[in-house]
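Undergrad: Here is my input, please return the structure:
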Amino acid sequence: MRCLVVLAHPLPQSLNAENARVAVAALEEAGHEVRLLDLYAEGFDPVLRPQERAVYYTSDFEDHAGLQDADALVLVFPTWWFALPAILKGWIDRSFLPGVAYDHANDLSALTPRLTGLTQVLAITTLGAPGWIDRLILRRPVYRALKWGLVKACAPKAQFNMVSLYGAETVDERRASQFQDKIRKRLASWG
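TA: Numbers count the residues shown, from 1 in each chain. Below is the predicted model:
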């Protein structure tokens, strides 16, 4: 498979960066073609400019992220304040575009998905909070936004999964290693 791995963390020595390296290695070991996109290292500009928004529904956008060529997408990021980091949200805003990820109906009502070749999406995230707050109190806002607001709208055939490491700010080496084994196992199921 052609796999796009997107890392959204500012520190190259972070746990998220290590999780991205684990994901890339697991995919390559399985024989997949992998492209790593480190948003901070590449200086990605997440800001949607007024001129871009003004032509949002009338322009033909270029698939600069390579979404239409990807069979699988892996997003690696910290969850901050129970939301995506701004750089990743901006990447989504500037990559999942009309004509690239979806088409609008003429009256702008319904979406027609365009990422029909995308079969797998895995979100790998770390949270400082305990799992019960994310799951029971907030009802997994990042999971719901990614699965239902993004993946199912643009790539309805894709299987979406998310692995979350809670209490990540105080994680020890054993827990980090167990989480990375979980990442490897999840990616190994992609065949």
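Undergrad: ok now the lowest-mean-pLDDT helix or strand in the chain, how far from the chain's centre?
TA: Least confident element among the helices and strands of the chain, by mean pLDDT, DSSP states H and E: helix 131-132 (a mean of 83). Counting by C-alpha atoms, centre = their mean, to the nearest Å, helix 131-132 is centred 21 Å from the centre of its parent chain.
Undergrad: contacts for it?
TA: The contact list for helix 131-132 (C-beta atoms under 8 Å, 6 or more residues apart in numbering) reads 164, 166. All C-beta atoms are positioned from the backbone trio N, CA, C, and that covers glycine.
Undergrad: how would you label the residue nearest the centre of the chain: helix, strand or coil?
TA: Most central in the chain under C-alpha atoms, centre = their mean is residue 75, positioned 2.9 Å from the mean C-alpha point. For residue 75, the secondary structure call by DSSP: H, G, I helix; E, B strand; the rest coil comes out as strand.
Undergrad: Which residue, neighbours along the chain excluded, lies closest to it?
TA: residue 123 (4.8 Å; C-beta to C-beta, 6 or more residues apart in numbering).
Undergrad: beta partners for the one you found?
TA: Under the criterion DSSP bridges, residue 123 forms beta bridges with residue 75, residue 162.
Undergrad: same question, residue 83
TA: Judged by DSSP bridges, the bridge partners of residue 83 are residue 80.
Undergrad: tally of neighbours for it?
TA: 12 (other C-beta atoms under 10 Å).
Undergrad: likewise residue 29?
TA: For residue 29, the neighbour count with other C-beta under 10 Å is 11.
Undergrad: Next: the one 5 residues further on.
TA: In terms of burial, residue 34 registers 18 neighbours under the definition other C-beta under 10 Å.
Undergrad: What are the phi and psi values at it?
TA: With angles defined as degrees, to the nearest 10, residue 34 sits at phi -120, psi 140.
Undergrad: That one and residue 97: what is the separation?
TA: Per C-beta to C-beta, to the nearest Å, residue 34 is found 23 Å from residue 97.
Undergrad: Skip the chain neighbours and tell me the closest residue to residue 176.
TA: Counting by C-beta to C-beta, 6+ apart, residue 176 lies nearest to residue 15, which is 6.2 Å off, once chain neighbours are set aside.
Undergrad: Sounds good, over and out.
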